[in-house]
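Q: need a 3D model of the sequence below.
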Amino acid sequence: MNILVTGGAGFIGSHLVRRLLGHDHAVVNLDALKYSGNLENLSDVADHPRYRFVQGDICEAKTVEEVLRDHRIEAVINCAAETHVDRSILDPSAFARTDVVGTGVLLEEARRAGVMRFLQVSTDEVYGSVETGHSRETDLLAPRSPYAASKAGGDLLALSYWTTYRFPVLVTRGSNTYGPNQYPEKFIPLFVTNAIEDQPLPLYGDGRNRRDWLSVFDHCAAIEHVLQHGEPGTVYNVGGGNEEENLTVAEAILSHLDKSKSLIRFVEDRPGPDRRHAVDCSRARALGWTPVVPFEQGLRDTIDWYRTQTAWWRKIKTGEFKAYYEQMYGKRLQQGVKG
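A: This next block holds a predicted model:
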């Protein structure tokens, strides 16, 4: 197929581009190259004969229309998104623009172009905090951050295109994804890179918040599988089945790096935190997908990647990132408590 991957220079998007190329698809990567978009993530496939990169914003209808037409796109996978909860608290409008308005532009232009499949990549955060049990695709959405709300808005807009136009949309809602090339504002890469440099690890609250961890390789396998085999108008939860407390993950990172637990700093939590995320993935499993990367092995491999790729992340953790980090954690770390 000729597939458009939006946000393909980002974390999940870049791994997905590489996977699709390996399975004989032709891939166009449309990415605005905002702060977390990085073409170095795809340097190994930059000259691939079935790969094209286009710099552009999904909110710009003319750009989207031209890409769909010029490359005869048959399927769209929308990975383009503002994705970090902390940043959404600082600047919610940017999230509404990309995650809702941009999704709407993509949907409409893809519908007009006669695209055969449209997959919206979403998140389990749309379900909100789940104290017990596991979120099912039929549960009411209860987002608790501007990020989660913007993704929920994009999901609902996509699903409305199936109900209203019978445009063949699919939605995947992934749990916390980790792996190589993840921008170091996120939990695992932030803690790994800080630990390597003997910097404190800012752990929110009491560290007992729980997340289900999903390897980026399993996540991309799920996206491709749902694109090919999913029922239009259907949502599929995608989780790793690896539910862990944040404190446990932080301690595992320090242990693998042979660093002291004294690097942990318990700091003030973000406003309106989700205590727990957990998803029921029986629908995706019934479709034929299952995760295969054990969390312990995936975490070790990820830590080792950051340990050997210091040039990649040290370049990022300067400039804009440094200012963001100080704004987000400077005061918190001053008032934090050692682990």
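
Q: using the three-state scheme, assign A80.
A: Classification of A80 by DSSP: H, G, I helix; E, B strand; the rest coil places it in coil.

Q: would you confirm that it contacts T98?
A: Yes: between A80 and T98 there is a contact under C-beta atoms under 8 Å: 6.6 Å. Using the backbone N, CA and C atoms, a C-beta is placed for each residue, glycine as well.

Q: L227 and F187: what is the separation?
A: Distance from L227 to F187, counting by C-beta to C-beta, to the nearest Å: 28 Å.

Q: ok, T248 next?
A: Look at T248 and F187: by C-beta to C-beta, they are 12 Å apart.

Q: the two - which one has more neighbours?
A: Ranked by neighbour count (other C-beta atoms under 10 Å), T248 and F187 place F187 first, with 22 against 13.

Q: for the more buried one, give me its contacts.
A: By C-beta atoms under 8 Å, 6 or more residues apart in numbering, F187 lies in contact with 176, 178, 211, 246, 249.

Q: now these in a markdown table, with neighbour count and pLDDT?
A: Converted to a markdown table, the contacts of F187 look like this (neighbours: other C-beta atoms under 10 Å; pLDDT from 0 to 100):
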| residue | neighbour count | pLDDT |
| --- | --- | --- |
| N176 | 24 | 97 |
| Y178 | 25 | 98 |
| R211 | 23 | 97 |
| N246 | 20 | 98 |
| V249 | 23 | 98 |
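
Q: nearest to V126 among the residues you listed?
A: Lowest distance from V126 to the contacts of F187 (C-beta to C-beta) belongs to N176, with 13.5 Å.

Q: which non-adjacent residue is nearest the closest one?
A: Nearest residue to N176 in three dimensions, chain neighbours excluded: R211, at 4.3 Å (C-beta to C-beta, 6 or more residues apart in numbering).

Q: so that neighbour sits against H277, correct?
A: Yes: judged on C-beta under 8 Å, R211 makes contact with H277 at a distance of 5.4 Å.

Q: ok, which stretches of the stretch 51-200 of the chain are helices?
A: 61-70, 85-90, 92-96, 103-113, 146-165, 187-196 (DSSP state H, counting those that start in this stretch).

Q: how big is the angle separating the longest one from helix 103-113?
A: Computed with axes from the mean of the first three to the mean of the last three C-alpha atoms, to 10 degrees, the direction of helix 146-165 lies at 30 degrees from that of helix 103-113.

Q: list the contacts of helix 146-165.
A: 78, 81-85, 87-89, 92, 95-96, 98-100, 103-104, 107, 111, 118, 120, 122-123, 125-126, 128, 141, 143, 167-169, 171, 173, 232-233, 235.

Q: for V226, grab the count of nearby residues.
A: Applying other C-beta under 10 Å, we find 26 residues neighbouring V226.

Q: the strand or helix carrying it - contacts with which helices or strands?
A: V226 is part of helix 216-229, with elements assigned from DSSP states H and E. With contacts taken as 3 or more C-beta pairs under 8 Å, 6 or more residues apart in numbering; DSSP states H and E, helix 216-229 sits against helix 11-22, strand 75-78, strand 117-123, strand 169-174, strand 176-178, strand 234-238, helix 282-287.

Q: just so I know, which of the ones you listed lies nearest E296?
A: Taking C-beta to C-beta, strand 176-178 is the member of those nearest to E296, at 12.3 Å.

Q: ok, residues contacting that closest one?
A: For strand 176-178, the surrounding residues in contact (C-beta under 8 Å, 6+ apart) are 11-12, 124, 186-189, 211-216, 219, 277, 298-299, 302.

Q: next, find the distance separating Y329 from A195.
A: With distances taken as C-beta to C-beta, Y329 is found 15 Å from A195.

Q: on the three-state scheme, T290 is what?
A: On the three-state scheme (three-state DSSP), T290 is labelled coil.

Q: neighbours of it, how many?
A: A count of nearby residues for T290, using other C-beta under 10 Å, gives 13.

Q: cool, the one 5 residues further on as well?
A: By other C-beta under 10 Å, 20 other residues sit near F295.

Q: the closest residue to it other than its chain neighbours and G7, how far apart?
A: The spatially closest residue to F295, leaving aside those adjacent along the chain, is N242, at 3.7 Å (C-beta to C-beta, 6+ apart). N242 is 25 Å from G7, where distance means C-beta to C-beta.
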